[in-house]
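Enquirer: the following comprises the amino acid sequence and a computationally predicted model.
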Amino acid sequence: MAAPAAFNEFGPLISFILSISALRDWAKLLIIGSFFETCRRLLAILWSSTIDSFFLTASFEDHDDTYKWMMIWLSKQPSWKNVRNVNISTGDRYSGNASHSEEESDPSGLSNISYLPALSGSYTLWYKYRWMRITRVSEPIPGWGPNHRDSLNISIFTRNHGILTTILQEAKKAYQDAQGSSITVYVSDSTNCWRELATRRKRPLESIILDPGIRELVVEDAQDFLASKGWYAERGIPFRRGYLLYGAPGSGKTSLIHSIAGELELDVYIISLSRSGLDDTGLSELISDLPERCIALMEDIDAALHNSLSREDVPTPPNHTSELIPSSPPAHNTSKVSLSGLLNALDGIGAQEGRILFATTNKYSSLDPALCRPGRMDLHVEFKLASRYQADVLFKRFYLPSSPKPAADDDQEAKSSPAQSHPNGSTPDGDPDNLIDLGVTDDTTNSPPSSPSACSEKSERVAPTYVGTRHRGHAPKLSSDQLSALAGQFASAIPERVVSMAALQGYLMSQKNRPWEAAKEVSDWLQKELADKKARNETKS
Ligand SMILES: Nc1ncnc2c1ncn2[C@@H]1O[C@H](COP(=O)(O)OP(=O)(O)OP(=O)(O)O)[C@@H](O)[C@H]1O
């Protein structure tokens, strides 16, 4: 009864309002406008649902591997060559160039240029007679300052889902082909997301010279682990494996990990425990975000966890470089990661299955037993200072003649370079092939910087002043007998387990084109090296 009463009350008011002609017109307009707007929206919905039913749309975000696959796939599409608005990339990341030798032989350096969709650009392509629309957008990540997230959206005029699967398969293959001779290294950023740092050329396993059996032990163990997913699942054992490589600095720990990553075709995720701002929660996030098959690498795990402990002041040979991580100045350790945080992250509930963890340390005895126990670090491998065997193989590999170049190149070089003679004045071998010196022996290479007075009076040029070894020319070709004899002479001068392989490599680099001198002068170098080491130790104590 209340409603009719209210109507009785408002009825006169409504009649009054409608009696005002301006308001009546306004109400009519409102009704007509609403009608047309509703129709427009309905049509738009109808149109987009019609389009949706004919189009397949997929979105790829840059933190996912599929984004990289698609970028490489796109750059390989024939119709992509006709697009007019592109981003140019010179990095390896999307270049899709597997061959570094191709890169080396391309003097223009353009072989690894790739054309990528421009940001906020929109493209149409034809793929297998299907029309395709591609857009790439970049959006700021809320709350993360200048950080952006890219995504690639692809709409294909088809009702067949299979076409997307085919594209993804092609894209993955294109990516794998592109990665053929390289591995990708990731690091975490300040937002605890994994970011690609660089691609690195695969390093052949044979180039890591260890005492017999050690290399094979680690590689075969990792291969067997990766092939045993079912075995772990059946027994309910977490599918993870940890390797602890410990021992002398410069003995090949990082290099072996690099090589194994290439051999097993796994990317490397560097977990830097001393990264500023990283705490236990961040570490857990990082470890749980690792992809299923990868190598997680923690370098110098002792130094990262024990702020009071610092690595011994070990002299770094001139050519000592870590292939995986670009050298950076030693950072002050601002790690907030605790041992219990690390242990939880490694095998807690969020720890990723299928990952292989490699940790390296120079101070094995300082590690907490809980960190080293099986399940966390399953295989502990010691790396020692160089043995005679290693020295011998290193020498042979170092002066191994490079793979033959096209004859024209050799001819050219032979013409432009004078033949080198053996230090004793004779030619090294009767074999004409072995007589040709492809390089230039530069006697000044290892001399101290020349003084201006030492300059030839005839020459008006002033010799450049420098410290270090000039990278120039090629080593002379040696026959296998010569190589073995020199390697034997070299190795017999190296005492067992006294110098590191990195130091020996540094020495050979300083004799890059002089194998005879390298073998002859190694004792002098070693004496000086040991005297320097002794002096340094005395200064320290
Ligand atoms: N066993 C080895 N075989 C071949 N090269 C080696 C070996 N050990 C060291 N090298 C060379 O020495 C350099 C340094 O090696 P690497 O970084 O792998 O040593 P490391 O044991 O990881 O040292 P650190 O403990 O200081 O990190 C590299 O350029 C590498 O080529």
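Expert: Cool, got the structure.

Enquirer: unless I'm mixing things up, residue 203 is touching residue 258, no?
Expert: Yes: contact criterion Cβ atoms under 8 Å: residue 203 and residue 258 qualify, at 5.1 Å. Glycine gets a C-beta too; all of them are placed from N, C-alpha and C.

Enquirer: and the gap between the nearest residue to residue 352 once chain neighbours are set aside and residue 353?
Expert: Distance criterion Cβ to Cβ, 6 or more residues apart in numbering; nearest residue to residue 352, sequence neighbours excluded, is residue 290 at 4.2 Å. Distance, residue 290 to residue 353, by Cβ to Cβ, to the nearest Å: 10 Å.

Enquirer: do the same with residue 44
Expert: 46 Å.

Enquirer: the more surrounded of those two?
Expert: residue 353 (13 against 10; other Cβ atoms under 10 Å).

Enquirer: not counting its neighbours along the chain, what's nearest that one?
Expert: Leaving aside its chain neighbours, residue 353 sits nearest to residue 239 (4.5 Å; criterion: Cβ to Cβ, 6+ apart).

Enquirer: quick revisit: neighbour count winner among residue 203 and residue 258?
Expert: residue 258 (26 against 20).

Enquirer: doesn't residue 268 make contact with the more buried one?
Expert: Yes: using Cβ under 8 Å, residue 258 is in contact with residue 268, at 7.4 Å.

Enquirer: I'd like the distance between residue 65 and the ligand.
Expert: Distance of residue 65 to the ligand, given as Cβ to the nearest ligand atom, to the nearest Å: 27 Å.

Enquirer: for residue 215, that is, sorry about that
Expert: Distance of residue 215 to the ligand, given as Cβ to the nearest ligand atom: 9 Å.

Enquirer: cool, residue 224 as well?
Expert: As judged by Cβ to the nearest ligand atom, residue 224 and the ligand stand 23 Å apart.

Enquirer: which parts of the one helix or strand that residue maps to are buried?
Expert: Secondary structure assignment for residue 224, by DSSP states H and E: helix 214-226. Within helix 214-226, the residues scored as buried using 16 or more other Cβ atoms under 10 Å are 214-215, 218-219, 221-222, 225-226.

Enquirer: just the element for residue 171, please.
Expert: Element membership for residue 171 (DSSP H and E) is helix 162-179.

Enquirer: what pairs with the helix or strand just after that helix, parallel or antiparallel?
Expert: Downstream of helix 162-179, the next assigned helix or strand under DSSP H and E is strand 182-188. Applying DSSP bridges, strand 182-188 is found paired with strand 194-201 (antiparallel), strand 268-270 (parallel).

Enquirer: please state the offset of strand 182-188 from the chain centre?
Expert: In terms of Cα atoms, centre = their mean, to the nearest Å, the gap separating the centre of strand 182-188 from the centre of its chain is 3 Å.

Enquirer: got the CA positions of it in PDB?
Expert: Extracted C-alpha coordinates of strand 182-188, given in PDB (Å, rounded to 0.1, in the frame of the first residue of the first chain):
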ATOM      1  CA  SER A 182      76.300 -20.600 -27.300                       C
ATOM      2  CA  ILE A 183      74.800 -20.700 -23.800                       C
ATOM      3  CA  THR A 184      72.800 -17.900 -22.200                       C
ATOM      4  CA  VAL A 185      73.800 -16.500 -18.800                       C
ATOM      5  CA  TYR A 186      71.200 -14.900 -16.500                       C
ATOM      6  CA  VAL A 187      71.600 -12.800 -13.400                       C
ATOM      7  CA  SER A 188      69.000 -11.500 -11.000                       C
END
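
Enquirer: residues from this structure in reach of the ligand?
Expert: Counting by Cβ under 6 Å from any ligand atom, the residues of the chain close to the ligand are 207-210, 249-255, 320-322, 360, 362, 383, 501-502, 505.

Enquirer: kind regards, and thank you for your time.
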